[in-house]
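**Student:** structural data only, the sequence is not supplied:
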Ligand SMILES: Cc1cc2nc3c(=O)[nH]c(=O)nc-3n(C[C@H](O)[C@H](O)[C@H](O)COP(=O)(O)OP(=O)(O)OC[C@H]3O[C@@H](n4cnc5c(N)ncnc54)[C@H](O)[C@@H]3O)c2cc1C
């Protein structure tokens, strides 16, 4: 395994995991890690939480330092360099970099993540922010520290986390979403409604089912957000958290299928010698009988490891069938003094059963709730809010989507209760 050449494009959670797992698995050949950002890989989850509130200094988000990457991992490290094209037509895969260089490789891993969806007409307005990179977080925090009115557009995980951080910093916060409830598209309106109540209890003004019609500015600086029906909300800072788009434009001429992500088979292969991992990958999940694309931190690591395993199999034991990647997706969100945890597939479920939901004074005590998600027959997802971490995790096997998972609709509360020390 010394004369091969592998390039990983995207130097973040997924790309770094691929590189580390390849070296751990014994791969000694050339290993290039190409990243558009001019910094070492860092964690994004703290950016909308502790970095915004100031609890974590930006530099503490680094996952590894450059010395480790170059010396211990012996990487051909190219940070601040964008890949601009991939040619898969020949016997090797030819990666083109913005420097004009070409890297001829036996395998290329695409791990280029996603970028924030833009709101046309708002580019360049001072005080209007998106949040994906460390630089975005530093710029947003600076703006939040000037105080005043924060308007968050988008009621998904990112939008609700930013709203919580804004309140923690003492700003007046308004959150606007087109959904019927905050987090509605993520965890359904049943628990989404609870999350909206909690935000209101913390002093956030929440507008659901509303559309943004304009973002007015004066002398290039944002002054407000206009909603359908004529409402105008004053704003010193606006955060656009309206979803994201897979970064595949650089693959436009590659011939790969890039319909909402790099489309892969169950083994994370997009074409011979081309694999994908992390937020950008849309792969076939056999237990769910469809493709999934998962924008979760845990998936970036798990899929990165799966991709490295299959690359090593192909190099070490040609002809050995590659392994299917069949994770139980997991994500968390931290807001105020509670954590939401989700296992399995919860978005867009046909059936949602709220098994437990406290009523309380949410600004003082964390909410506690548990819900199960599925398609009527099978339970495919579980969400716990404010519970002992073991409570939702206890149902992980039950929502795995494979044949071994029992159908726990009736027993789920007992299982989770036991793991939550019976303490509801
Ligand atoms: C603010 C924020 C908070 C989050 N919080 C949570 C959370 O609480 N829980 C959770 O489960 N998940 C969370 N996530 C999601 C999690 O961080 C992502 O799932 C994870 O970062 C995905 O890793 P990735 O490596 O696939 O993609 P990314 O982290 O997006 O990295 C892709 C990298 O590829 C680079 N790149 C793009 N194009 C090119 C190119 N052409 N050439 C070279 N490099 C390129 C990009 O610059 C980027 O550095 C959060 C994300 C954000 C932004």
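**Tutor:** The structure has been received and is ready for your questions. Every value quoted in this text rests on a predicted model; they were computed, and no experiment measured them.

**Student:** so where's this structure shaky on pLDDT?
**Tutor:** When the per-residue scores of the chain are filtered using pLDDT under 70, the ranges that remain are 1-2, 404-408, 422-424.

**Student:** tell me which parts of it are close to the ligand?
**Tutor:** In this structure, the chain approaches the ligand at residues 9-15, 34-37, 44-45, 47-48, 82-83, 111-114, 131-132, 158, 247, 250, 278-279, 295-298, 300, 331-333, judged by Cβ under 6 Å from any ligand atom. Bear in mind the C-beta positions are built from the backbone N, C-alpha and C, glycine included.

**Student:** where does the residue in the stretch 301-424 of the chain positioned nearest to the ligand land in three-state SS?
**Tutor:** Proximity of the stretch 301-424 of the chain to the ligand (Cβ to the nearest ligand atom) peaks at residue 331, 3.5 Å away. Taking DSSP: H, G, I helix; E, B strand; the rest coil as the rule, one finds residue 331 in the strand state.

**Student:** got the contact list for it?
**Tutor:** Contacts for residue 331 (Cβ atoms under 8 Å, 6 or more residues apart in numbering) come out as 157, 296-298, 341-342.

**Student:** quick one, what contacts the closest residue to the ligand within the stretch 251-400 of the chain?
**Tutor:** Using Cβ to the nearest ligand atom, the point where the stretch 251-400 of the chain gets nearest to the ligand is residue 278, with a distance of 2.1 Å. Taking Cβ under 8 Å, 6+ apart as the criterion, residue 278 is in contact with 10, 12-15, 111, 113, 299-300, 303-304.

**Student:** helices - which of those residues land there?
**Tutor:** In helices, defined here by DSSP state H, the members of the contacts of residue 278 are 13-15, 299-300, 303-304.

**Student:** can you lay out those as TSV showing distance to residue 69 and neighbour count?
**Tutor:** Compiled in TSV, the ones in helices among the contacts of residue 278 are given as follows (distance: Cβ to Cβ, whole Å; neighbours: other Cβ atoms under 10 Å):
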residue	distance to residue 69	neighbour count
13	14	26
14	15	31
15	11	27
299	22	24
300	17	27
303	20	28
304	15	28
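
**Student:** now these as TSV including distance to residue 255?
**Tutor:** Compiled in TSV, the ones in helices among the contacts of residue 278 are given as follows (distance: Cβ to Cβ, whole Å):
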residue	distance to residue 255
13	27
14	22
15	22
299	26
300	25
303	23
304	24
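
**Student:** just curious, which of the residues you listed is nearest to residue 410?
**Tutor:** For residue 410, the nearest member of the ones in helices among the contacts of residue 278 is residue 299. The distance, counting by Cβ to Cβ, is 29.8 Å.

**Student:** and the residue lying closest to residue 413 once chain neighbours are set aside, its phi and psi?
**Tutor:** Spatially, and ignoring its direct neighbours in sequence, residue 413 is nearest to residue 355 (4.4 Å; Cβ to Cβ, 6 or more residues apart in numbering). The phi and psi torsions at residue 355 (degrees, to the nearest 10) take the values phi -90, psi -30.

**Student:** so residue 355 versus residue 194, what's the distance?
**Tutor:** With distances defined as Cβ to Cβ, to the nearest Å, the gap from residue 355 to residue 194 amounts to 13 Å.

**Student:** higher neighbour count, these two?
**Tutor:** Using other Cβ atoms under 10 Å as the criterion, residue 355 and residue 194 rank with residue 194 on top: 25 against 17.

**Student:** contact partners for the spatially most central residue of the chain?
**Tutor:** In the chain, the residue lying closest to the centroid (Cα atoms, centre = their mean) is residue 295, at 3.1 Å. Residue 295 is in contact with 114, 244, 279, counting by Cβ under 8 Å, 6+ apart.

**Student:** three-state assignment of it?
**Tutor:** Per three-state DSSP, the local secondary structure of residue 295 is coil.

**Student:** do the same with residue 166
**Tutor:** Of the three states, residue 166 takes helix according to three-state DSSP.

**Student:** quick check: it touching residue 175?
**Tutor:** No - at 9.0 Å, residue 166 and residue 175 do not qualify as touching, with contact defined as Cβ atoms under 8 Å.

**Student:** overlap in contacts, these two.
**Tutor:** With contacts defined as Cβ under 8 Å, 6+ apart, the residues adjacent to both residue 166 and residue 175 are 152, 204.

**Student:** now the nearest residue to residue 65 once chain neighbours are set aside: how far from residue 75?
**Tutor:** For residue 65, ignoring the flanking residues on the chain, the nearest one in space by Cβ to Cβ, 6+ apart is residue 40 at 6.1 Å. When Cβ to Cβ is the yardstick, residue 40 and residue 75 sit 11 Å from each other.

**Student:** list residues touching both of these two?
**Tutor:** Contacts common to residue 40 and residue 75, judged by Cβ under 8 Å, 6+ apart, are residue 69.

**Student:** closest to residue 24 out of the contacts of residue 295?
**Tutor:** Proximity of the contacts of residue 295 to residue 24 (Cβ to Cβ) peaks at residue 279, which lies at 22.7 Å.

**Student:** and for the closest one, the neighbour number?
**Tutor:** 27.

**Student:** who's in contact with it?
**Tutor:** With contacts taken as Cβ under 8 Å, 6+ apart, residue 279 has the following neighbours: 14, 113-114, 244, 246, 293-295, 299-300.

**Student:** so which of those residues is the closest to residue 258?
**Tutor:** Proximity of those to residue 258 was ranked by Cβ to Cβ; the top entry is residue 246 with 7.3 Å.

**Student:** got a list of what that closest one touches?
**Tutor:** For residue 246, the residues meeting the contact criterion (Cβ under 8 Å, 6+ apart) are 112-114, 258, 260-262, 279-280, 282, 293.
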